[in-house]
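Engineer: quick one, fold the following:
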Amino acid sequence: MKPRHDIVLTFLFTVLVVSCNQEHKSKQSMQPQKSITAKDILGNPNYLAISYGGYRKSSREFQPNIVQLKEDMKILQAMNIKILRTYNVQLAQASNVLKAIHQLKTEDETFEMYVMLGAWIDCKNAWTDKEPDHTIESAQNESEINRAIALANQYPDIVKVIAVGNEAMVRWATSYYVQPNVILKWVNYLQNLKKEDKLSKDLWITSSDDFASWGGGEESYQVKDLEDLIKAVDYVSLHTYPYHNTHYNPEFWGINDDEKELSSDEKLEAAMQRTLQFAQKQYKAVSNYVESLGVKKPIHIGETGWATVSNGHYGPNGSKATDEFKEALYYKYMREWTNKEGISCFYFEAFDEPWKDTHNHKGSENHFGLITVDGKAKYVLWDSVDQGVFEGLTRGGNPITKTYNGDKNDMMKDVELPDVKEVKPVDF
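Structural biologist: Numbers count the residues shown, from 1 in each chain. Predicted structure coming up:
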């Protein structure tokens, strides 16, 4: 048995150590935590990105509510997604996504999700019965930009990027496209607000558009306003869709004669490797153009994806590009390449959205998701289901299960091989 005075000294020493530890922890908690910025997360493979629309019905009149959005955010967190891209702030979804993320962060301090907030840009008479005037912008654009500013200031811990327009400069967007000077105007406006401390200096500003709109295609796009825009944005956000080019520019798409003896899986893998190379070629074309201007800016992928259902140009009666097996290969190859190269890839998209082609349920635009509307994980995520990644999570009350009841043989019945032909190598 210890002498009494030893016991007292031991007790006092213990109290002193505990007190010092508590004081140290208190001082640590008072230290300002480093704020995560766009510069920290874009190009960082630990912050996977995805395009998100939470619409579950055939019309956007049915806005997803906060409960549904939180349900989706938890699913995406389970997939290691940490950056979302939204498209407009006219409708309630974007602001509600931010509310949902804010609530989840309040409920769970480990929850981490950031947003690339899209502001939709139109030309005059867009989406009306009048002829679109592509030389004049819509009067609605100013309100859209102001809404984006308000949300960025309300949720600075979540909104890390504002994207001015979505495919707003590419000429095949015949319903609404504008000239580059319109995008440049609003990008400069936002950059000036940063200088005036009316927006966070760490907020990055971009526009998200087709690779051709960024000078990677026809020379007719390479105008002075585009040069100035490239100099004004914090980074370039380009779109590339080899999927669509299997119909519109199919030289790279098919099975070569020297591949005829391969297994079906090997033939598809070879074809899908060429689609990756096609995307890389478009990325390189933009990179070359940006460098030709003497500009050094990060270039990330604002959109790319692969649909799983099509009764149109890309389906069985078209290029035969569409199914879950090819989607899984494309997703795998794109993630491997972009993660290795430090490129953020906002893969299109998280969930199927049936409003996009309301009158054609099997239209490809409705089926770009990695997960169906009713919560079935497509083939690309089957391994994640097996690993228990989605355990306890639901969508619309449905647990996350596999499409085709997890039967690969059944799934492969819907997989079509591209035609056998002389396929041109992708020339960089």
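Engineer: all the strands of the chain, in order from the start?
Structural biologist: Counting by DSSP state E, the segments of the chain that form strands are 48-51, 81-85, 114-119, 123-124, 133-137, 159-166, 204-210, 236-239, 299-304, 345-347, 376-377, 394-395, 398-399, 401-402.
Engineer: in a markdown table: those strands, plus mean pLDDT.
Structural biologist: Written out in a markdown table, the entries for these read as follows (pLDDT from 0 to 100):
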| stretch | mean pLDDT |
| --- | --- |
| strand 48-51 | 98 |
| strand 81-85 | 98 |
| strand 114-119 | 98 |
| strand 123-124 | 98 |
| strand 133-137 | 98 |
| strand 159-166 | 98 |
| strand 204-210 | 98 |
| strand 236-239 | 98 |
| strand 299-304 | 98 |
| strand 345-347 | 98 |
| strand 376-377 | 98 |
| strand 394-395 | 98 |
| strand 398-399 | 98 |
| strand 401-402 | 98 |
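Engineer: okay if I get these as TSV plus distance to residue 319 and mean neighbour count?
Structural biologist: To be clear about C-beta, it is placed using only N, CA and C from the backbone, and glycine gets the same treatment. As requested, these are arranged in TSV below (distance: least, C-beta to C-beta, whole Å; neighbours: other C-beta atoms under 10 Å):
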stretch	distance to residue 319	mean neighbour count
strand 48-51	23	23
strand 81-85	27	22
strand 114-119	29	26
strand 123-124	31	20
strand 133-137	30	16
strand 159-166	25	27
strand 204-210	19	26
strand 236-239	19	26
strand 299-304	17	24
strand 345-347	21	26
strand 376-377	25	22
strand 394-395	31	18
strand 398-399	32	13
strand 401-402	26	17
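Engineer: got any ranges where the stretch 1-150 of the chain has weak pLDDT?
Structural biologist: 1-34 (pLDDT under 70).
Engineer: before we move on, back to that, residue 330 is nearest to which of the strands of the chain?
Structural biologist: The stretch from those with the least distance to residue 330 (C-beta to C-beta) is strand 299-304; that distance is 8.2 Å.
Engineer: in its sheet, which strands sit next to that closest one, and in what direction?
Structural biologist: Here the strand partners of strand 299-304, with direction, are listed using DSSP bridges: strand 236-239 (parallel), strand 345-347 (parallel).
Engineer: now do the same for the closest residue to residue 217 other than its chain neighbours: its pLDDT.
Structural biologist: In space, not counting the residues next to it along the chain, residue 217 is nearest to residue 211; the distance is 6.3 Å by C-beta to C-beta, 6 or more residues apart in numbering. Per-residue confidence at residue 211 stands at 98 (pLDDT).
Engineer: again with residue 428
Structural biologist: As predicted, residue 428 sits at a pLDDT of 87.
Engineer: now it: how far from residue 301?
Structural biologist: From residue 428 across to residue 301, the span is 17 Å (C-beta to C-beta, to the nearest Å).
Engineer: and residue 327, by the same measure?
Structural biologist: For residue 327, the distance to residue 301 under the criterion C-beta to C-beta works out to 16 Å.
Engineer: what about residue 56, neighbour count?
Structural biologist: Applying the criterion other C-beta atoms under 10 Å, we find 20 residues in the vicinity of residue 56.
Engineer: so who does the residue nearest to residue 217 touch?
Structural biologist: Contacts were defined as C-beta atoms under 8 Å, 6 or more residues apart in numbering; by that measure residue 211 touches 217, 238-240, 282-283, 285-286.
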